[in-house]
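Enquirer: Sequence plus the predicted model coming up.
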Amino acid sequence: MIQVTNTYLPEKRKLLQYIEQIYQNGIVTNNGPLVKKFEQELKNILQTPNILYVNSGHTALLMAIKSLKKEGKIITTPFSFVSTLQAILWNGNLPVFADIDSNTLTLNPNHVEDYLKKKQKALAIVATHLFGNICDVEALQYLSEKYDVPVIYDAAHSFGMTYKKKSIFEFGDISALSFQAYKPLHTVEGGASFAMIKRLSMSCLTCVTSV
Ligand SMILES: *Cc1c(COP(=O)(O)O)cnc(C)c1O
């Protein structure tokens with residue numbers, strides 16, 4: 001049996017070394033040294049300065065959508081964790097569902113285009129890479145450029161995944177990552193926003209970190 005939600009726990013001895021550091025410096029929250037170290041390592045691994053570690057994947061999604069700085073209709077998938085939809089609604093946006101692809105179970109770009117083609121304005125496309133399946137990033141990129149609409153990925157499931165040898169986070173305008181305990185890489189709870197600097201800037205992200 002393959003357990004899809006089996007939490008990986010580090011060797012206790014190694015973990016205790018980090019806990020020891022926490023006892024020595026007394027900092028357990030608010031961007032402490034271990035958070036900074038982890039964020040720096042993410043920047044090194046993903047080769048980008050544009051990553052911001054936050055307290056959850058949901059916060060990363062909230063921030064990504066907040067950085068649009070507008071309210072409006074957002075085309076999204078009906079098949080994701082509830083967090084995707086909540087982040088859209090909590091930002092005051094109206095979700096518009098496009099159907100999924102029956103093979104990958106991710107947002108089907110043809111259905112997204114059906115909506116956009118009718119001259120219906122959308123603020124953004126929010127798509128989820130699901131269960132190790134990658135969205136059709138090329139088709140969504142094409143739509144993004146053709147209709148001038150940003151793409152935000154809920155990339156909670158997809159740390160370490162690549163497409164054509166590139167990190168999956170390099171596609172779209174922002175990817176929201178989760179480091180919750182059931183995800184491929186975890187910090188018990190946690191998340192990060194990875195911004196590709198195109199339409200949305202890193203300053204958009206940092207100015208909404210107080211959510
Ligand atoms: C886990 C998950 C989230 C939320 O991540 P948290 O870190 O638990 O807030 C968002 N979207 C998807 C698809 C997820 O699986």
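Expert: That came through, no problem. Numbering: from 1, shown residues only.

Enquirer: Quick check: which element contains residue 96?
Expert: Residue 96 is part of strand 94-97 when elements are defined by DSSP states H and E.

Enquirer: So for the following helix or strand past that strand, what gets flagged as buried?
Expert: Per DSSP H and E, the first helix or strand lying C-terminal to strand 94-97 is helix 109-117. Of the residues in helix 109-117, 109, 112, 113, 115, 116 count as buried by neighbour count, 16 or more other CB atoms under 10 Å. Quick note: C-beta positions are derived from backbone N, CA and C, even for glycine.

Enquirer: for the strand holding residue 96, packing partners?
Expert: strand 73-76, helix 82-90 (3 or more CB pairs under 8 Å, 6 or more residues apart in numbering; DSSP states H and E).

Enquirer: now, of these, which is deepest in the fold?
Expert: For the helices and strands packed on strand 94-97, the largest average neighbour count (mean count of other CB atoms under 10 Å) is found in strand 73-76, namely a mean of 23.

Enquirer: packing partners for that one?
Expert: Using 3+ CB pairs under 8 Å, 6+ apart: strand 73-76 touches helix 82-90, strand 94-97, helix 109-117, strand 124-128.

Enquirer: Among these, which comes closest to the ligand?
Expert: Evaluated with CB to the nearest ligand atom, the helices and strands packed on strand 73-76 place helix 82-90 nearest to the ligand, the distance being 3.6 Å.

Enquirer: how about TSV for the helices and strands packed on strand 94-97, with distance to the ligand and mean pLDDT added?
Expert: Converted to TSV, the helices and strands packed on strand 94-97 look like this (distance: least, CB to the nearest ligand atom, whole Å; pLDDT from 0 to 100):
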stretch	distance to the ligand	mean pLDDT
strand 73-76	11	98
helix 82-90	4	97
